[in-house]
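A.B. asks: let's see this in three dimensions:
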Amino acid sequence: MTQQLTRILLASCLLASAGLAASNAGQGLSSAYFVATDGNDGFSGTLSAPNPAHTDGPFRTLERAQQAVEAVIGHVEGPITVEIRGGTYYLTAPLTFTRSDSGSEAQPITWEGFPGDPEPLISGGQRLTGWTSAGGGLWTLRLPASFQNFEALYVNGVRRYRPGTSSSYLHLNPVVLSAPAANCTERYGNGYRCGDRFSFVRGDLRSTYSNIHDVEIVNFEDWTVSRMRLQSVDTSRNIAYITGMMQTGEYFGFLSGHRYLVQNSKESFSRPGQWYLNRGTTPWTLAYRAATPGENPNSAIVIAPQQPQILVAHELQYVTFRNLAFSHDNYVVPTQGHPGSSGETTTPAALSFNESSDVTLSGVTIAHTQGWGVEFIRTAVAGRGNTVSESRLYDLGAGGVRLGLMPGSRETEDNVAQSNTLSNNVIYGGGRFLPGGEGTGIWIGSSHNNVISHNDIHDFYNGAVELGQTPGGTTTLTHDNVIEYNLLHDLGQGVTSDMGCVHAASSNNTGNLITNNVCHDVTNDPAGYGGNGIYLDTHSENITVQNNLVYRVSDSALFVNSYALDNTIDNNIFAYARRGMIHRGPNSPGGNFTATHNIFLYDIAPIQRTPGDWVCEGNCTGAFDLDSNVYWNTTGRSAAFITTVEGTRDLTAGQYSLSQWASDFGEDVHSVNQDPGLTSAAYPKDEYALGAGSPAFAKGFHAFSAADAGPQPAPRTLTAVPAAFPLQTLNPATDF
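C.D. replies: Residues are numbered from 1 along each chain as shown. A predicted model of the protein is given here:
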């Protein structure tokens, strides 16, 4: 008997029993149910608290409430609600919602926290009790044989980390053989790079690690980060072997001089707040070092994740989840390791909605995850989307919200995720387990007509919003998305490279709009590159960038990469980038953009970043058309422009004043080199307001308010999230 048939039969039985109970009570079927930690699944579920005789009251489990709702859908009039009392609900399996749990336009279904109660927590973890003191702040616990492996631990709502061999980054090099061999077949220079091993500095690794296959190598590539398991360590040749294979390529795998960390080493288990799961004992033994003197895990709430996901929905419609918290999914690095990849679409989300529409998450909290927070994979009905609003997503193992998938043969205009609204949310403290390109606040793959509005996205180790994926220039379905009024800040933090507040890679599409966002404090790995503001990557096309404020970024305020075509940059304020105000990607034949009515405020960086493609043959405007802009160097230096020699990338063919730039190349004919009159345009005020007499107005600039970006109204107090990796940030007061 199929699971679906079983649920139908069960629902029929429940309907019959509910009808009998209602008849006996002289009333109709209920459209309101309650769940409480002191409830009982044998109760009717129609009371918000147990009655004095304790013969009736709320349900005990969410699954029982789900059965009751399924039984009355279509048999009662109007909305159906399930109100959940405050408390923690530990799951024994992920909640599963299907078409049978769906409402309709006439009969929507709402699952919500009980008014006035603390926010209910739906947990995929298990509380750990019965700790034994080993002295000196060390506590141990033997786990049941049924326990699943886990790689996260939370004490009183705070993520604790496993031990590592160093609090700073180590450095590796690839192993390159002169001839191809097993696992060493990728051409690399004059040899063949190995995907299953790397060389290390003598003394950084040891061959005698306890439970060596549980020791993880966190490998920082360019924008991706891989977590691989150690197989063995050869200290005579200083070569470490991993259990699986790295993704290979120019930007992936073991790269010369790149950084790595060693985590989950028992030999390094020494600092307060750390924990170590010893899977070499029977039963497994968990050890924890008190974070503060006197901390006792027996009087704390210690939770280990156990369920792979919290909620999984398929073909769900017209359901709202309101004022609920979801936490503690359990993603574990596979035996063969976890090679990082852009978008990380194979990494699960704590809440997953597939072929669903008219689902609303309102005022929810999604926290303490190992993978993504929430995803909407495909839609149930073309043109019908879902909503996440006024919610908090924080302490995320990977990213926050994922819309759609990487481009694939099954994706069509009608079935991809579409018409979703993400508004007034705070998404922060991300990438705590997977920090690279997979650790993005909002990721939009093949997905269209979405509105990303008034969100605050910060404290990620990569970018804030990812728009589109265009591998090899293939057409995607990423069109008509609006990214507006978002506050995007404190990104990268020196952990990864190659990111931006908004990173777009959407080809052959129209209608994507990036407008009225505030972007600041983006820092790439100091030995790397690409801490950008607005980043239009390879093959980005027909994107409008308008009314944005970008300041304090470690690379370029605006980056238009190779082959990006027909993009419009208008009415923005770009300030205080460290390497260049505008970067045009190398080798950009056929690419073009226009940049008009913008303000460029700068000091350290030049206007045009090099290396980059600023080749001009006669008139440059067919490749980059700049006009009606205001340039101002706060040190008093006059605006200077360059062209580059084709094929050399970083050699200047000439340096020109603004008037020469206009007369010789047709660029910035109506632009000026004047103080734009931005008030408080410096740290710590960062207001960037234009005075009434600003010359920018004469050039067609239209004022916009940076204060309009971010959630409206401002969010409640945020919970701090401990950093997961060594940060290498710039000082806003001295480094810009």
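
A.B. asks: C-alpha only now, for contacts and for neighbours.
C.D. replies: Fine.

A.B. asks: tell me where the model's unsure across the stretch 401-550 of the chain.
C.D. replies: Within the stretch 401-550 of the chain, the stretches with pLDDT under 70 are 409, 470-475.

A.B. asks: an error on my part: the question was meant for the chain.
C.D. replies: Residue ranges of the chain with pLDDT under 70: 1-28, 343-344, 409, 470-475, 587-590, 617-619, 645-653.

A.B. asks: can you get me a residue count around Ala724?
C.D. replies: Residues within reach of Ala724, counting by other Cα atoms under 10 Å, total 20.

A.B. asks: which residues sit against the one helix or strand Ala595 maps to?
C.D. replies: Counting by DSSP states H and E, the element that carries Ala595 is strand 593-596. Residues from elsewhere that reach strand 593-596 (Cα atoms under 8 Å, 6 or more residues apart in numbering): 560, 564-571, 623-629.

A.B. asks: check contacts around the residue lying closest to Pro348 once chain neighbours are set aside.
C.D. replies: The shortest distance from Pro348 to any non-neighbouring residue, by Cα to Cα, 6 or more residues apart in numbering, is to Gly371 (5.7 Å). By Cα under 8 Å, 6+ apart, the contact list for Gly371 reads 329-331, 347-350, 396-399, 433-434.

A.B. asks: and Cys616, by the same measure?
C.D. replies: The contact partners of Cys616, by Cα under 8 Å, 6+ apart, come to Thr643, Thr644, Phe665.

A.B. asks: the second one: neighbour count?
C.D. replies: This means Thr644. Residues lying near Thr644 (other Cα under 10 Å) number 20.

A.B. asks: with the last one instead?
C.D. replies: Here the neighbour count serves as a burial measure; for Phe665 (other Cα under 10 Å) it reads 19.

A.B. asks: now do the strands in the stretch 101-250 of the chain.
C.D. replies: For the stretch 101-250 of the chain, strands defined by DSSP state E, counting those that start in this stretch occupy the ranges 109-113, 121-123, 125-127, 132-135, 138-142, 153-155, 158-160, 170-177, 186-188, 191-200, 216-220, 225-234, 239-242.

A.B. asks: distance between the second one and the chain's centre?
C.D. replies: Averaging C-alpha positions (Cα atoms, centre = their mean, to the nearest Å) puts strand 121-123 21 Å from its chain's average.

A.B. asks: again, but for stretch 563-581
C.D. replies: Distance, centroid of stretch 563-581 to centroid of chain: 24 Å (Cα atoms, centre = their mean).

A.B. asks: thinking again about what came up before, ok, and the most crowded of the contacts of Gly371?
C.D. replies: Gly399 (41 neighbours).

A.B. asks: one step back: got the contacts of Gly371 as a markdown table, with secondary structure and distance to Glu687 columns?
C.D. replies: Conversion of the contacts of Gly371 to a markdown table gives the following (DSSP: H, G, I helix; E, B strand; the rest coil; distance: Cα to Cα, whole Å):
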| residue | secondary structure | distance to Glu687 |
| --- | --- | --- |
| Asp329 | strand | 40 |
| Asn330 | coil | 42 |
| Tyr331 | coil | 41 |
| Thr347 | coil | 39 |
| Pro348 | coil | 39 |
| Ala349 | strand | 37 |
| Ala350 | strand | 37 |
| Leu396 | coil | 30 |
| Gly397 | coil | 33 |
| Ala398 | coil | 32 |
| Gly399 | coil | 29 |
| Phe433 | coil | 34 |
| Leu434 | coil | 34 |
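
A.B. asks: show the contacting residues for the nearest residue to Asn296 once chain neighbours are set aside.
C.D. replies: With sequence-adjacent residues excluded and distances taken as Cα to Cα, 6+ apart, Asn296 is closest to Ala290, at 7.0 Å. Neighbouring residues of Ala290 by Cα under 8 Å, 6+ apart: Gly137, Leu138, Trp139, Pro272, Gly273, Gln274, Asn296, Pro297.

A.B. asks: 6 Å instead, please
C.D. replies: For Ala290, the contact set (Cα atoms under 6 Å, 6 or more residues apart in numbering) comprises Gly137, Pro272, Gly273.

A.B. asks: and if you look at Asp625?
C.D. replies: Contacts for Asp625 (Cα under 6 Å, 6+ apart) come out as Thr594.

A.B. asks: before we move on, which element is it in?
C.D. replies: Assigned by DSSP H and E, Asp625 belongs to strand 624-627.

A.B. asks: other residues contacting whatever helix or strand comes next after that strand?
C.D. replies: Once the chain leaves strand 624-627, the next helix or strand it forms, by DSSP H and E, is strand 630-633. Strand 630-633 has contacts (Cα under 6 Å, 6+ apart) with Ile599, Phe600, Leu601, Tyr602, Asp603, Ser671, Val672, Asn673, Gln674, Asp675.
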